[in-house]
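Colleague: no sequence for this one, just the structure:
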């Protein structure tokens, strides 16, 4: 009972979510099924969950009334969550950690890798901008300068999109959330790669959809599994990174790209391609959005990884009628689009000339850091699943018999935050893996803590 | 059929939404019920809507497959929407209008009323800030400086809240959206004032809830109606502005405040108090959040109206366990909280000393503008429903026999955007009203266009 309460209070279970089956939950908690049946019965008696005939138990939302004793108690309870199953664990630990904590598990570059000088210059330029730009909401789809700039980049890739096919959002995650709000209903099936970016799990949970993982290969999703899931589950959406996939660093092959699109076409599947790592590639690799020409593929992007995570700005490129509907949804749920000030700042830096040079340096520096990290990890018997063509992630297997959740819990005690494999895995089959951020590993305490935790 | 398509494409109907009943829709469209039955049947045959036994027709989301002919046609169709029923009309017209368009219907101050000098200074200060602040995501609940500052303000009002009771969001609207995502399920009843801020309607529609209006009086919601709706509909949430209510400018009386809270307590109702106009009051008026001490009342605020709409930043103050769950939901759906850069900028300006003086000047200037607007409108026979104590809205009744939607459509043709009464009204009973923004009426063309449209 306490565990279900904790999941509801923590947002891991939200109103409308289905509870784990009695058998699955009993196994997970290491208790008998009858204990779970009793707990569910009591929660139902309290109105916190509700049974639907033949389909299990659902969170009602009534679990959060004011001054409800179990919840109040929970607010103070400090029971640690199992780090191997909670997609919020890595996010919260990394975001809220003080500067003394080391974060080889986090998803961003250290600030001395970022174009700080260009940001300072951009802010000084903004300080002299028109008063209307500094104070007004701006247009519903975001600043024109940045949307035009994106269209120019798309054209270089061979996508001939128009202005009514691009809108700006508060972040890449918010962009995907808007797409999910438009296209998904509770209970829909949604495909993700297994492993994939852990926040996709948290996001999709908030939409009460069924998340189905397709095993990842070094060339993209496993096609046999992909085809089978499409036939059996009729998923509505497939969310993926094609280039430098998070966490594996895998790159979609041309053959897999073509086959995925052909299958999607045949089954009426819409694809969200989150292209957030594009600028880390040494040379462009295949993209679903390009092959497809933004018909059934929705392209998502953001500038958080290459420019600044503190300037919140993402985008969606898609068919004009979807952009129209998504833009209305953005007005309804957050009023203005992206901050016009943020949009201008990003546009200014991207056109400033220094950006391409900066990214070239970052790519070289990452190559060196990746090789160094692989070598150091190799000495501990930790081996990359593949050597990525770019980016800052290394997806690594631990030596036989070691469990990454346990290693992560031990390292946390020493002020080192790791990203254990199963936070990325729908099937929970990545317990032997860790995702490393090679740009966050220069401090020798990282490897030292890791060695002790493994010892 | 075309109208339903239009609503789906425009986002007015989203997947999971229930369609209007056959009878209601037939009346609204001025066609026979059998025509509606036939249209619904055809839409169901196309998979766009689906019947649920005994509960009507619902949008499936399948209405938006790639290359679907009806939708494609719609993307190009330019059929004007009825300006008196669409909550997006005023938003989109006002946000996307060029600088030559006059906007007495919009919801913000002109840029020369805003603290532009303070914003410029704040941006210059930011340009010298720490690199980590300029590039990193920041903590999950937003910059500490701004959260502390808000707690200080709350303490002055008599709310003894703690840091774990405040989180920052991307905007006030996004704050309310997060609360709705946490607490509401499709089909729940939600109370709003009638009239109320039109975007509440759009927001709640995105949550597929039943929106119920309680008639507004100059002292707050009509208590008899409020009590009756609580008994009959068991609403989960009541969303309101207590001070300078949008659009009426009404102020909650102490007696109404106490009674609303007592009824809410008895019926387990949670209240969202959107306090966005607080700083426009000449002196503080009663607040539900203060009386209640943030137990069943959730306080929402933002700096869009007084400081800048271009710096996206809002907040939520509530019970710690709700903030914990809302913060997780914000990570899942937009990753970082508010932009740390935006948060620092706001905190800097609020502590800068000049802010209080600036708001004092704005209040004096608004008083003069309000009196001038009331006098000018009076000459046209347009009469305020009440004279607000502050803020920039005047909710006015047109002379007998005139319909505000028609006046708004005529003025739009002359480059003047008005806010017709029924975009604010759930019951569609405000057709004789217009909401004026007194700060946007200095150009004589506003009154001239209005006079011609009425002529």
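Modeller: The structure has been received and is ready for your questions. Values in this document were obtained by computation on a predicted structure and should not be read as measured data.

Colleague: my read is residue A:272 is in a strand, agree?
Modeller: Yes - under the criterion used here (DSSP: H, G, I helix; E, B strand; the rest coil), residue A:272 sits inside a strand.

Colleague: What residue, apart from its backbone neighbours, is nearest it spatially?
Modeller: Distances taken as C-beta to C-beta, 6 or more residues apart in numbering or on different chains place residue A:239 nearest to residue A:272, at 4.5 Å, with adjacent residues excluded. All C-beta atoms are positioned from the backbone trio N, CA, C, and that covers glycine.

Colleague: neighbours of the one you found, just the number please.
Modeller: By the criterion of other C-beta atoms under 10 Å in any protein chain shown, residue A:239 has 24 neighbours.

Colleague: Check which element follows the strand or helix carrying it along the chain.
Modeller: According to DSSP states H and E, residue A:239 maps onto strand A:237-240. As assigned by DSSP H and E, the chain's next helix or strand after strand A:237-240 is helix A:254-267.

Colleague: quick one: the strands in chain A?
Modeller: For chain A, the strands defined by DSSP state E cover A:49-52, A:56-59, A:166-169, A:189-194, A:210-217, A:220-221, A:237-240, A:270-274, A:297-302, A:314-317, A:383-384, A:393-397, A:419-420, A:433-437.

Colleague: ok, residue A:339 to residue A:52 distance?
Modeller: Noted for residue A:339: a distance of 42 Å to residue A:52, by C-beta to C-beta, to the nearest Å.

Colleague: number of nearby residues for residue A:198?
Modeller: For residue A:198, the count of nearby residues is 24 (other C-beta under 10 Å).

Colleague: wait, it sits on residue A:93?
Modeller: No - here residue A:198 lies out of contact with residue A:93, judged by C-beta atoms under 8 Å, at a distance of 11.9 Å.

Colleague: In contact with residue A:267, which residues?
Modeller: Neighbour list for residue A:267: A:230-231, A:234 [criterion: C-beta atoms under 8 Å, 6 or more residues apart in numbering or on different chains].

Colleague: Not counting its neighbours along the chain, what's nearest residue A:101?
Modeller: What sits nearest to residue A:101 in space, not counting adjacent residues and going by C-beta to C-beta, 6+ apart, is residue A:415, at 5.0 Å.

Colleague: Tell me the predicted confidence for that neighbour.
Modeller: Reading off the per-residue confidence, residue A:415 sits at a pLDDT of 94.

Colleague: Contacts only, for it.
Modeller: Remark: with contacts taken as C-beta under 8 Å, 6+ apart, residue A:415 is in contact with A:100-102, A:445, A:449.

Colleague: Drop anything exposed from the residues you listed.
Modeller: The neighbour count (16 or more other C-beta atoms under 10 Å in any protein chain shown) marks A:102, A:449 as buried among the contacts of residue A:415.

Colleague: Need the contacts of residue A:415 in JSON lines (columns: pLDDT).
Modeller: Output for the contacts of residue A:415, formatted as JSON lines (pLDDT from 0 to 100):
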{"residue": "A:100", "pLDDT": "89"}
{"residue": "A:101", "pLDDT": "94"}
{"residue": "A:102", "pLDDT": "96"}
{"residue": "A:445", "pLDDT": "97"}
{"residue": "A:449", "pLDDT": "97"}
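
Colleague: Tell me which entries of the contacts of residue A:415 lie within helices.
Modeller: By the criterion of DSSP state H, membership of the contacts of residue A:415 in helices covers A:445, A:449.

Colleague: which of the contacts of residue A:415 lies closest to residue A:407?
Modeller: Relative to residue A:407, the closest of these is residue A:449; by C-beta to C-beta it sits at 9.5 Å.

Colleague: Distance-wise, check the closest one relative to residue B:133.
Modeller: For residue A:449, the distance to residue B:133 equals 27 Å [C-beta to C-beta].

Colleague: quick one, helices of the stretch 1-150 of chain A?
Modeller: Counting by DSSP state H, counting those that start in this stretch, the stretch 1-150 of chain A forms helices over residues A:2-9, A:22-29, A:33-45, A:69-76, A:87-96, A:116-126, A:131-135, A:144-157, given from the N-terminal end onward.

Colleague: Identify the residue of the stretch 301-450 of chain A closest to chain B, quick one.
Modeller: Across the stretch 301-450 of chain A, no residue is closer to chain B than residue A:328, which sits at 3.4 Å (C-beta to the nearest C-beta).

Colleague: contacting residues around stretch A:327-337?
Modeller: Counting by C-beta under 8 Å, 6+ apart, stretch A:327-337 makes contact with A:137-142, A:167-170, A:174, A:178, A:181-182, B:10-12, B:14, B:87-88, B:91-92, B:95, B:170-174, B:177, B:199, B:202-203, B:205-206, B:304, B:309, B:312, all of which sit outside it.

Colleague: cool, and stretch A:145-163?
Modeller: Under the contact criterion C-beta under 8 Å, 6+ apart, stretch A:145-163 has outside partners A:141, A:144, A:166-168, A:284, A:287, A:289-290, A:293-294, A:301, A:313, A:315, A:317, A:320, A:343-344, A:346-347, A:350-351.

Colleague: how long is stretch A:197-213 from one end to the other?
Modeller: 12 Å (C-alpha to C-alpha, to the nearest Å).

Colleague: Of all the residues in that stretch, which ones are buried?
Modeller: When burial is assessed from 16+ other C-beta under 10 Å, stretch A:197-213 yields the following buried residues: A:197-209, A:211-213.

Colleague: Looks like residue A:55 contacts residue A:18 (just checking).
Modeller: Yes - using C-beta under 8 Å, residue A:55 is in contact with residue A:18, at 7.4 Å.

Colleague: quick one: which of the two has more around it?
Modeller: Neighbour comparison, residue A:55 and residue A:18: the larger count goes to residue A:18, with 17 against 9 (by other C-beta under 10 Å).
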